[in-house]
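Asker: Curious how this folds, go ahead:
(2 chains)
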Amino acid sequence: MLKSRRKFITHLLSLGGYSLTFASGILHSSLANAQWLQQRFSLSNYDETILHLFNGAELINNHNKIKFHRLPYIAENGASVPIKITSTLKNVTKIYILVEKNPHPLSAEFFLSPAMEPQVSARLKMAQTSKVVTIIEADGKFYRKVKKVKVAIGGCGG
Amino acid sequence: MANFTVRLKKSKSQSAGVEDKMSSIKIRTKRLDGNTQIRTLITHPMENGRNKDEQGNFIPAHHIQELWIEHNKIKVIRCNIAGSISKNPYFDFLLKGGEVGDIVTVSWIDNLGKSDSKKYIIKK
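Answerer: Numbers count the residues shown, from 1 in each chain, chains lettered A, B, ... in the order given. Next comes the predicted model:
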(Lines give C-alpha, C1' and ligand atoms only; values in the text may rest on other atoms or scores of the structure.)
Protein backbone atom coordinates (compact mmCIF):
# COMPACT_ATOMS: atom_id res chain seq x y z
CA MET A 1 0.00 0.00 0.00
CA LEU A 2 2.75 2.38 0.92
CA LYS A 3 4.89 3.26 -2.01
CA SER A 4 8.30 3.79 -0.52
CA ARG A 5 10.35 2.44 2.29
CA ARG A 6 10.78 5.94 3.70
CA LYS A 7 7.03 6.46 3.93
CA PHE A 8 6.61 3.09 5.58
CA ILE A 9 9.16 3.99 8.23
CA THR A 10 7.63 7.41 8.92
CA HIS A 11 4.24 5.73 9.32
CA LEU A 12 5.70 3.28 11.78
CA LEU A 13 7.26 6.12 13.73
CA SER A 14 4.05 8.13 13.82
CA LEU A 15 2.14 5.07 15.03
CA GLY A 16 4.66 4.70 17.79
CA GLY A 17 4.12 8.35 18.65
CA TYR A 18 0.37 7.85 18.92
CA SER A 19 0.69 4.88 21.22
CA LEU A 20 3.12 6.84 23.39
CA THR A 21 0.72 9.75 23.73
CA PHE A 22 -2.12 7.36 24.54
CA ALA A 23 -0.05 5.61 27.16
CA SER A 24 0.99 8.84 28.81
CA GLY A 25 -2.64 9.88 29.11
CA ILE A 26 -2.44 13.14 27.22
CA LEU A 27 -5.37 12.16 25.08
CA HIS A 28 -7.08 10.33 27.87
CA SER A 29 -10.27 12.35 27.69
CA SER A 30 -10.81 11.90 23.97
CA LEU A 31 -10.27 8.15 24.15
CA ALA A 32 -12.44 7.51 27.16
CA ASN A 33 -15.20 9.76 25.93
CA ALA A 34 -15.16 8.77 22.27
CA GLN A 35 -18.27 6.62 22.44
CA TRP A 36 -20.13 8.95 24.73
CA LEU A 37 -19.20 11.84 22.48
CA GLN A 38 -20.44 10.08 19.39
CA GLN A 39 -23.76 9.46 21.11
CA ARG A 40 -24.42 13.04 22.11
CA PHE A 41 -23.31 14.45 18.79
CA SER A 42 -25.38 11.98 16.78
CA LEU A 43 -28.70 12.82 18.45
CA SER A 44 -30.96 14.04 15.70
CA ASN A 45 -33.73 15.73 17.64
CA TYR A 46 -33.32 19.11 19.30
CA ASP A 47 -35.49 18.32 22.35
CA GLU A 48 -33.74 14.99 22.84
CA THR A 49 -30.37 16.69 22.70
CA ILE A 50 -31.41 19.27 25.29
CA LEU A 51 -32.77 16.54 27.54
CA HIS A 52 -29.60 14.47 27.14
CA LEU A 53 -27.29 17.41 27.82
CA PHE A 54 -29.06 19.10 30.70
CA ASN A 55 -31.22 16.32 32.11
CA GLY A 56 -34.22 18.57 32.64
CA ALA A 57 -32.34 21.36 34.40
CA GLU A 58 -33.92 24.81 34.23
CA LEU A 59 -32.70 26.97 31.35
CA ILE A 60 -32.92 30.68 32.09
CA ASN A 61 -34.11 32.30 28.88
CA ASN A 62 -32.77 35.22 26.87
CA HIS A 63 -30.41 36.38 29.50
CA ASN A 64 -29.13 39.81 28.59
CA LYS A 65 -25.72 38.95 29.94
CA ILE A 66 -25.05 36.86 26.84
CA LYS A 67 -24.36 38.64 23.57
CA PHE A 68 -24.10 37.49 19.99
CA HIS A 69 -21.75 39.29 17.67
CA ARG A 70 -21.15 38.67 13.98
CA LEU A 71 -24.16 36.31 13.78
CA PRO A 72 -26.21 37.68 10.85
CA TYR A 73 -30.03 37.83 10.50
CA ILE A 74 -29.69 36.54 6.96
CA ALA A 75 -26.81 34.24 6.13
CA GLU A 76 -26.00 34.17 2.44
CA ASN A 77 -24.17 30.87 2.65
CA GLY A 78 -25.14 28.21 5.17
CA ALA A 79 -21.76 26.51 4.80
CA SER A 80 -20.06 29.16 6.87
CA VAL A 81 -22.05 31.25 9.34
CA PRO A 82 -19.86 33.24 11.70
CA ILE A 83 -20.81 33.39 15.36
CA LYS A 84 -19.17 35.09 18.30
CA ILE A 85 -20.46 34.74 21.82
CA THR A 86 -19.44 36.97 24.70
CA SER A 87 -20.80 37.02 28.18
CA THR A 88 -20.56 39.15 31.30
CA LEU A 89 -21.48 36.19 33.52
CA LYS A 90 -18.92 35.10 36.08
CA ASN A 91 -17.42 31.64 36.53
CA VAL A 92 -18.42 30.40 33.08
CA THR A 93 -17.41 26.76 32.73
CA LYS A 94 -19.19 25.54 29.60
CA ILE A 95 -20.53 27.04 26.41
CA TYR A 96 -22.73 25.03 24.07
CA ILE A 97 -23.70 25.98 20.52
CA LEU A 98 -26.74 24.31 18.97
CA VAL A 99 -28.53 24.78 15.67
CA GLU A 100 -32.13 23.71 16.12
CA LYS A 101 -32.97 22.32 12.68
CA ASN A 102 -29.63 20.80 11.73
CA PRO A 103 -29.59 17.02 11.28
CA HIS A 104 -27.48 16.87 14.43
CA PRO A 105 -28.29 19.95 16.51
CA LEU A 106 -25.24 20.01 18.80
CA SER A 107 -22.41 21.78 16.97
CA ALA A 108 -19.81 22.42 19.58
CA GLU A 109 -19.20 22.49 23.28
CA PHE A 110 -16.43 24.44 24.95
CA PHE A 111 -15.03 23.63 28.38
CA LEU A 112 -13.41 26.76 29.74
CA SER A 113 -10.89 26.81 32.54
CA PRO A 114 -10.75 29.84 34.87
CA ALA A 115 -7.86 31.15 32.76
CA MET A 116 -10.19 31.96 29.87
CA GLU A 117 -12.54 34.89 29.36
CA PRO A 118 -16.06 33.85 28.36
CA GLN A 119 -15.61 34.67 24.71
CA VAL A 120 -15.73 32.17 21.90
CA SER A 121 -16.15 32.42 18.17
CA ALA A 122 -16.52 29.86 15.43
CA ARG A 123 -18.12 29.25 12.06
CA LEU A 124 -21.17 27.03 11.75
CA LYS A 125 -22.80 25.01 9.01
CA MET A 126 -26.55 25.48 8.78
CA ALA A 127 -28.83 23.21 6.73
CA GLN A 128 -31.77 25.59 6.64
CA THR A 129 -33.34 28.63 8.30
CA SER A 130 -33.29 27.86 11.98
CA LYS A 131 -32.76 29.12 15.48
CA VAL A 132 -29.21 29.27 16.77
CA VAL A 133 -29.11 28.53 20.47
CA THR A 134 -26.29 29.06 22.89
CA ILE A 135 -26.37 27.77 26.43
CA ILE A 136 -23.85 28.88 29.01
CA GLU A 137 -23.22 27.16 32.29
CA ALA A 138 -22.11 29.52 35.05
CA ASP A 139 -22.09 28.73 38.78
CA GLY A 140 -24.10 25.58 38.08
CA LYS A 141 -26.93 27.49 36.38
CA PHE A 142 -27.79 27.39 32.69
CA TYR A 143 -28.48 30.51 30.67
CA ARG A 144 -29.89 30.36 27.18
CA LYS A 145 -29.99 32.79 24.31
CA VAL A 146 -31.70 32.23 20.98
CA LYS A 147 -31.51 34.00 17.65
CA LYS A 148 -33.20 33.10 14.39
CA VAL A 149 -30.98 33.06 11.32
CA LYS A 150 -32.34 32.92 7.78
CA VAL A 151 -30.26 30.83 5.40
CA ALA A 152 -30.29 31.53 1.67
CA ILE A 153 -28.27 28.44 0.59
CA GLY A 154 -28.04 25.43 2.89
CA GLY A 155 -24.64 24.14 3.96
CA CYS A 156 -25.38 20.54 4.90
CA GLY A 157 -26.27 17.76 2.49
CA GLY A 158 -25.20 17.39 -1.14
CA MET B 1 27.01 28.04 -12.07
CA ALA B 2 23.79 29.57 -13.32
CA ASN B 3 22.22 26.11 -13.28
CA PHE B 4 23.36 25.57 -9.77
CA THR B 5 21.75 28.77 -8.46
CA VAL B 6 18.50 27.93 -10.23
CA ARG B 7 18.50 24.54 -8.55
CA LEU B 8 19.13 26.14 -5.18
CA LYS B 9 16.20 28.50 -5.64
CA LYS B 10 13.95 25.62 -6.64
CA SER B 11 14.87 23.51 -3.68
CA LYS B 12 14.26 26.46 -1.36
CA SER B 13 10.78 27.11 -2.69
CA GLN B 14 9.96 23.40 -2.53
CA SER B 15 11.04 23.10 1.07
CA ALA B 16 8.93 26.14 1.97
CA GLY B 17 5.92 24.46 0.37
CA VAL B 18 6.51 21.29 2.34
CA GLU B 19 6.69 23.26 5.58
CA ASP B 20 3.33 24.84 4.83
CA LYS B 21 1.81 21.41 4.19
CA MET B 22 3.28 19.95 7.35
CA SER B 23 1.11 21.89 9.77
CA SER B 24 -2.62 22.25 9.37
CA ILE B 25 -2.84 24.93 12.03
CA LYS B 26 -2.36 28.65 11.77
CA ILE B 27 -2.17 30.63 14.99
CA ARG B 28 -2.20 34.37 15.54
CA THR B 29 -2.31 36.21 18.83
CA LYS B 30 -3.15 39.76 19.72
CA ARG B 31 -2.78 41.58 23.00
CA LEU B 32 -6.05 43.26 23.99
CA ASP B 33 -6.26 45.32 27.22
CA GLY B 34 -4.00 42.95 29.13
CA ASN B 35 -5.70 39.88 27.67
CA THR B 36 -4.54 37.79 24.75
CA GLN B 37 -6.76 36.91 21.85
CA ILE B 38 -5.85 33.57 20.28
CA ARG B 39 -7.09 33.02 16.74
CA THR B 40 -6.70 29.68 15.03
CA LEU B 41 -7.43 28.51 11.52
CA ILE B 42 -7.24 24.78 10.84
CA THR B 43 -7.13 23.18 7.42
CA HIS B 44 -9.57 20.27 7.57
CA PRO B 45 -12.34 18.95 5.27
CA MET B 46 -14.90 18.61 8.14
CA GLU B 47 -17.09 16.11 6.29
CA ASN B 48 -20.22 15.36 8.29
CA GLY B 49 -21.01 12.10 6.51
CA ARG B 50 -24.14 13.42 4.76
CA ASN B 51 -22.59 14.83 1.59
CA LYS B 52 -22.52 12.78 -1.59
CA ASP B 53 -19.77 12.58 -4.21
CA GLU B 54 -20.31 12.66 -7.99
CA GLN B 55 -21.28 8.96 -8.13
CA GLY B 56 -23.92 9.50 -5.47
CA ASN B 57 -22.10 7.67 -2.70
CA PHE B 58 -21.93 9.14 0.77
CA ILE B 59 -18.59 10.68 1.65
CA PRO B 60 -17.58 9.13 4.98
CA ALA B 61 -17.54 11.42 8.00
CA HIS B 62 -14.19 13.03 8.65
CA HIS B 63 -14.25 15.85 11.15
CA ILE B 64 -12.31 17.17 14.10
CA GLN B 65 -13.63 15.73 17.33
CA GLU B 66 -11.61 17.53 19.89
CA LEU B 67 -9.55 20.69 20.04
CA TRP B 68 -7.58 21.93 22.99
CA ILE B 69 -5.29 24.82 23.78
CA GLU B 70 -2.44 24.85 26.24
CA HIS B 71 -0.89 27.97 27.71
CA ASN B 72 2.59 27.27 29.07
CA LYS B 73 1.78 23.54 29.04
CA ILE B 74 -1.41 23.98 31.09
CA LYS B 75 -4.64 23.07 29.33
CA VAL B 76 -6.86 26.15 29.34
CA ILE B 77 -9.69 25.17 27.00
CA ARG B 78 -11.08 21.97 25.52
CA CYS B 79 -13.71 21.83 22.79
CA ASN B 80 -15.79 18.97 21.47
CA ILE B 81 -16.69 19.63 17.87
CA ALA B 82 -19.24 18.05 15.53
CA GLY B 83 -19.29 17.87 11.75
CA SER B 84 -21.58 20.89 11.68
CA ILE B 85 -18.69 23.28 12.11
CA SER B 86 -17.65 24.75 8.79
CA LYS B 87 -14.89 23.43 6.55
CA ASN B 88 -11.45 24.76 7.48
CA PRO B 89 -12.72 25.83 10.88
CA TYR B 90 -11.85 29.13 12.50
CA PHE B 91 -11.96 29.73 16.23
CA ASP B 92 -10.98 32.53 18.49
CA PHE B 93 -10.65 32.64 22.23
CA LEU B 94 -9.66 35.20 24.83
CA LEU B 95 -7.01 34.25 27.33
CA LYS B 96 -6.85 36.14 30.63
CA GLY B 97 -3.45 37.75 30.94
CA GLY B 98 -0.71 36.16 28.92
CA GLU B 99 2.72 37.69 28.47
CA VAL B 100 4.89 38.28 25.45
CA GLY B 101 7.05 35.16 25.05
CA ASP B 102 4.52 32.72 26.51
CA ILE B 103 3.98 29.51 24.59
CA VAL B 104 0.55 28.67 23.22
CA THR B 105 -0.08 25.18 21.85
CA VAL B 106 -3.10 24.28 19.75
CA SER B 107 -3.87 20.60 19.14
CA TRP B 108 -6.67 18.64 17.51
CA ILE B 109 -7.69 15.05 16.94
CA ASP B 110 -10.30 13.88 14.42
CA ASN B 111 -12.65 10.91 14.26
CA LEU B 112 -10.18 8.90 12.16
CA GLY B 113 -7.50 9.26 14.80
CA LYS B 114 -5.37 11.79 12.93
CA SER B 115 -4.01 14.63 15.00
CA ASP B 116 -1.84 17.68 14.80
CA SER B 117 -0.50 20.33 17.10
CA LYS B 118 1.45 23.53 16.80
CA LYS B 119 3.37 25.80 19.12
CA TYR B 120 3.23 29.55 18.94
CA ILE B 121 5.09 32.15 20.94
CA ILE B 122 3.04 35.23 21.85
CA LYS B 123 4.41 38.31 20.15
CA LYS B 124 3.86 41.96 20.88
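Asker: name the element residue A:49 belongs to?
Answerer: helix A:46-54 (DSSP states H and E).
Asker: From the chain's centroid, how far away is that helix?
Answerer: Taking C-alpha atoms, centre = their mean, to the nearest Å, one finds the center of helix A:46-54 at 14 Å from the center of the full chain.
Asker: And stretch B:88-95, by the same measure?
Answerer: Offset of stretch B:88-95 from its chain centre (C-alpha atoms, centre = their mean): 10 Å.
Asker: what sits up against it?
Answerer: Residues from elsewhere that reach stretch B:88-95 (C-beta atoms under 8 Å, 6 or more residues apart in numbering or on different chains): A:84, A:115-117, A:119-123, B:32, B:35-44, B:46, B:64, B:67, B:69, B:71, B:76-77, B:79, B:81, B:104. Just so you know, the C-beta spots here come from the backbone N, C-alpha and C atoms, and that holds for glycine as well.
Asker: Which entries within those residues meet the buried criterion?
Answerer: Neighbour counting with 16 or more other C-beta atoms under 10 Å in any protein chain shown marks A:115-117, A:119-123, B:35-38, B:40, B:42, B:44, B:46, B:64, B:67, B:69, B:71, B:76-77, B:79, B:81, B:104 as buried within the contacts of stretch B:88-95.
Asker: Can you mark which positions in the helix holding residue A:49 are buried?
Answerer: Across helix A:46-54, burial judged by 16+ other C-beta under 10 Å covers A:46, A:49, A:50, A:53.
Asker: Is stretch A:60-67 positioned near chain B?
Answerer: No: Stretch A:60-67 stays clear of chain B (C-beta under 8 Å from any C-beta of the partner chain), getting no nearer than 13.5 Å.
Asker: I'd guessed residue B:26 sits against residue B:40; true?
Answerer: Yes: between residue B:26 and residue B:40 a contact is recorded at 6.7 Å, counting by C-beta atoms under 8 Å.
Asker: Quick check: neighbours shared by these two?
Answerer: Residues touching both residue B:26 and residue B:40 by C-beta under 8 Å, 6+ apart: none at all.
Asker: Please see if the helix holding residue A:49 touches chain B.
Answerer: No: applying C-beta under 8 Å from any C-beta, one finds helix A:46-54 separated from chain B by no less than 10.7 Å.
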